[in-house]
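Visitor: model this:
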Amino acid sequence: MADLKAITGAFTSGKTAQAAELIEKALAEGVPAAQILRDAIVAPFKAKASAPAAGGSVSLKSLAEAIIGGKREVAVELTKKALEAGISAEKILNEGLIAGMNEVGRRFKANEFYVPEVLIAARAMSNAKEAATRPGAMEILQPALSKAGVQSKGKVIIGTVKGDLHDIGKNLVAMMLKGAGFEVIDLEIDVPAEKFVESAKKTGAKVIGLSALLTTTMPQMKTVIEALKAAGLKDVKVMIGGAPVTQSYADEIGANGYAPDAASAVDVATRLLSEAGKGGAAAPVKAAPASKAPAKASAAKAPAKKAVAAKKAPVAKKAAAKKGRK
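Guide: Next comes the predicted model:
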């Protein structure tokens with residue numbers, strides 16, 4: 001019986017003449033040409049191409065690209081191979097997963113990626129809700145991270161405020177934060193102020209992200225900020241976002257940060273966490289149009305008073321003239 005492995009060995013060692021002789025011998029023995037091609041040449045070389053390179057190294061760039069492309073199964077397989085190759089969990093996290101999600105964030109900001117692409121990429125990185133059947137790369141990596149004692153960038157509590165049941169934007173922000181290396185505590189939707197306070201006390205998180213999609217639920221953001229102050233949690237930073245939310249509104253209610261989109265939320269959370277870590281007070285609240293309104297109203301009243309006084313003057317003069325005639 002022809003030795004197909006010998007044909008493979010001859011090819012891999014560059015002995016093409018020997019490989020040709022072995023192929024002729026195999027054909028003479030009745031081995032189908034298709035079988036020789038498949039088993040002696042294509043399959044072995046395909047396996048070699050997908051195997052870790054010499055020295056056990058695995059391309060973390062390929063892992064990052066799998067995350068960017070939303071290829072969950074590929075990302076999971078590459079994560080497993082990287083761990084088997086002895087690459088540290090922290091390096092896999094930083095140069096593979098986080099690097100990939102950072103690029104996703106950049107493309108999202110540049111309008112090169114839209115919500116669907118971001119969601120698919122985020123699920124390739126982490127798919128905790130389906131971890132048992134369809135895990136993401138993070139679920140494969142997490143045990144190794146815990147064993148190595150790798151710390152997250154920090155804890156961020158996130159939730160949609162009371163009365164609001166919308167969660168797509170909130171979920172997108174949560175995924176981007178996880179992808180950037182944060183530990184995210186998701187309180188889901190319709191979250192009352194008391195629950196945010198309770199979670200901050202329980203977890204020690206220093207940043208809270210509030211989401212609202214309705215103008216009618218936006219005031220709940222201010223309620224949360226006031227509840228945190230009343231509970232003595234003045235060192236907890238609050239960032240807000242959502243379709244109707246603006247920087248002006250953030251300034252008006254005393255929020256520490258505002259993110260117009262999910263990618264920007266990562267930058268804002270990083271800055272706020274840094275401020276909280278330094279133990280400094282929140283950045284001064286910028287004067288917003290809404291907060292200037294009362295001043296403008298007062299200024300508007302001044303000319304009105306002058307106008308009234310001007311109207312009264314001729315009446316007073318006429319009255320004085322009548323008195324003089326008498």
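Visitor: make it CA atoms for all contacts and neighbour counts henceforth
Guide: Noted.
Visitor: Output stretch 197-214 as PDB, nothing but the C-alphas.
Guide: The C-alpha coordinates for stretch 197-214 follow below in PDB (Å, rounded to 0.1, in the frame of the first residue of the first chain):
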ATOM      1  CA  VAL A 197     -27.500  54.300  44.700                       C
ATOM      2  CA  GLU A 198     -27.800  50.800  46.200                       C
ATOM      3  CA  SER A 199     -25.600  49.300  43.400                       C
ATOM      4  CA  ALA A 200     -22.900  52.000  43.800                       C
ATOM      5  CA  LYS A 201     -22.700  51.300  47.600                       C
ATOM      6  CA  LYS A 202     -22.600  47.500  47.000                       C
ATOM      7  CA  THR A 203     -20.100  47.400  44.200                       C
ATOM      8  CA  GLY A 204     -17.900  50.400  45.000                       C
ATOM      9  CA  ALA A 205     -18.200  51.600  41.300                       C
ATOM     10  CA  LYS A 206     -17.100  55.100  40.800                       C
ATOM     11  CA  VAL A 207     -18.800  55.700  37.400                       C
ATOM     12  CA  ILE A 208     -22.500  55.500  36.600                       C
ATOM     13  CA  GLY A 209     -23.900  55.700  33.100                       C
ATOM     14  CA  LEU A 210     -27.500  56.800  32.700                       C
ATOM     15  CA  SER A 211     -29.500  56.300  29.500                       C
ATOM     16  CA  ALA A 212     -32.800  57.900  28.400                       C
ATOM     17  CA  LEU A 213     -34.600  57.800  25.000                       C
ATOM     18  CA  LEU A 214     -37.700  59.800  26.000                       C
END
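Visitor: buried sites along that stretch?
Guide: Neighbour-count burial for stretch 197-214 flags 197, 199-200, 205-214 (criterion: 16 or more other C-alpha atoms under 10 Å).
Visitor: Among these, which are located in strands?
Guide: 207, 208, 209, 210, 211 (DSSP state E).
Visitor: quick one, helices of the stretch 51-200 of the chain?
Guide: 60-68, 72-84, 89-92, 99-109, 115-125, 137-148, 168-179, 193-203 (DSSP state H, counting those that start in this stretch).
Visitor: Let me have those helices in CSV, extended by mean pLDDT and distance to residue 186.
Guide: Converted to CSV, those look like this (pLDDT from 0 to 100; distance: least, C-alpha to C-alpha, whole Å):
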stretch, mean pLDDT, distance to residue 186
helix 60-68, 96, 22
helix 72-84, 96, 22
helix 89-92, 94, 24
helix 99-109, 93, 19
helix 115-125, 92, 15
helix 137-148, 93, 17
helix 168-179, 91, 7
helix 193-203, 98, 10
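Visitor: Make a markdown table out of the ones you listed and add distance to residue 263.
Guide: Listed next are the helices of the stretch 51-200 of the chain as a markdown table, based on distance: least, C-alpha to C-alpha, whole Å:
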| stretch | distance to residue 263 |
| --- | --- |
| helix 60-68 | 14 |
| helix 72-84 | 21 |
| helix 89-92 | 21 |
| helix 99-109 | 5 |
| helix 115-125 | 10 |
| helix 137-148 | 19 |
| helix 168-179 | 7 |
| helix 193-203 | 23 |
